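K.L.:
Generate coordinates for the sequence data below:
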Amino acid sequence: MATSDQYKRQIMKDLAGGNTESLEPVPETPEQEYQNFDDFAQRSSRDERRQLFGRSLHPDRIPPSQMEPELRQAIAHIKPKERDDVAREFFKQLKKRGLSDRDLEKQLGLSTHHASRMTEDDVAKLAAFTYHSHPDIFQDVLADQPAIVKFLSNPLVGAVMGAIASKWFGHRR
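P.N.:
Got it, this is the predicted structure:
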């Protein structure tokens with residue numbers, strides 16, 4: 001069985017060669033070409049990211065049992081400031097659903113309810129809970145804070161990267 005890195009390399013190789021078959025059609029935006037993921041994260045619109053992540057990052061497509069280890073790994077790789085921003089945004093959105101930060105701290109066994117003091121493990125628990133229980137919030141937060149997606153490597157998550165990559169290479173044939 002291929003590793004996730006081999007899988008990603010194969011996707012990028014296939015896409016670079018013009019093989020852009022995907023699980024779902026990606027809306028065409030001929031004016032947008034992205035050089036890499038960071039370029040995509042900076043120049044794409046929130047709605048574009050939300051639409052792409054909404055189709056791909058959902059518990060119905062990627063089971064929480066596969067997504068949770070990916071989230072732990074990805075959160076460990078993002079910068080502390082980005083991690084704080086992600087935690088703060090999860091708390092903000094979950095509060096709109098009637099879930100207070102203090103209740104989440106107790107329910108999830110977090111070390112604190114202060115986003116700026118949370119450990120990588122705390123943010124991973126919060127992200128996993130949100131992915132499983134409130135996937136729409138999870139997708140919204142990733143659309144606002146796409147840094148996490150860059151570090152996901154599960155082959156199923158690779159489909160997201162493949163969809164993004166197809167936009168990068170779509171006009172370079």
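
K.L.:
Next, work out how far apart Asp136 and Thr119 are.
P.N.:
Applying C-beta to C-beta, to the nearest Å, the value for Asp136 to Thr119 is 26 Å. C-betas here are computed from N, CA, C, even on glycine.

K.L.:
distance of Lys106 from Leu99?
P.N.:
Taken as C-beta to C-beta, the span from Lys106 to Leu99 is 11 Å.

K.L.:
which ones are touching Leu71?
P.N.:
124, 127-128, 131, 148, 152 (C-beta atoms under 8 Å, 6 or more residues apart in numbering).

K.L.:
What is the subsequent helix or strand relative to the helix or strand hosting it?
P.N.:
Using DSSP states H and E, Leu71 sits within helix 64-77. Going down the chain from helix 64-77, the next helix or strand is helix 80-95, by DSSP H and E.

K.L.:
For the following helix or strand past that following helix, C-alpha coordinates in PDB please.
P.N.:
Next in sequence after helix 80-95, counting helices and strands by DSSP H and E, comes helix 101-108. In PDB, the C-alpha atoms belonging to helix 101-108 read as follows (Å, rounded to 0.1, in the frame of the first residue of the first chain):
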ATOM      1  CA  ASP A 101     -15.900  27.700  26.200                       C
ATOM      2  CA  ARG A 102     -16.000  26.600  29.800                       C
ATOM      3  CA  ASP A 103     -18.500  23.800  29.000                       C
ATOM      4  CA  LEU A 104     -16.300  22.600  26.200                       C
ATOM      5  CA  GLU A 105     -13.300  22.700  28.400                       C
ATOM      6  CA  LYS A 106     -15.000  20.300  30.800                       C
ATOM      7  CA  GLN A 107     -16.700  18.100  28.200                       C
ATOM      8  CA  LEU A 108     -13.600  17.600  26.100                       C
END
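
K.L.:
For helix 101-108, give me every contacting residue.
P.N.:
Under C-beta under 8 Å, 6+ apart, the answer for helix 101-108 is 91, 94-95, 110, 112-113, 122, 125-126, 129.

K.L.:
Show the average pLDDT along it.
P.N.:
In this model, helix 101-108 has an average pLDDT of 96.

K.L.:
List the buried residues for that helix?
P.N.:
Residues 101, 104-105 are the ones in helix 101-108 that count as buried (16 or more other C-beta atoms under 10 Å).

K.L.:
and which of these is nearest Pro64?
P.N.:
When the buried residues of helix 101-108 are compared for distance to Pro64 (C-beta to C-beta), Leu104 wins out at 16.8 Å.
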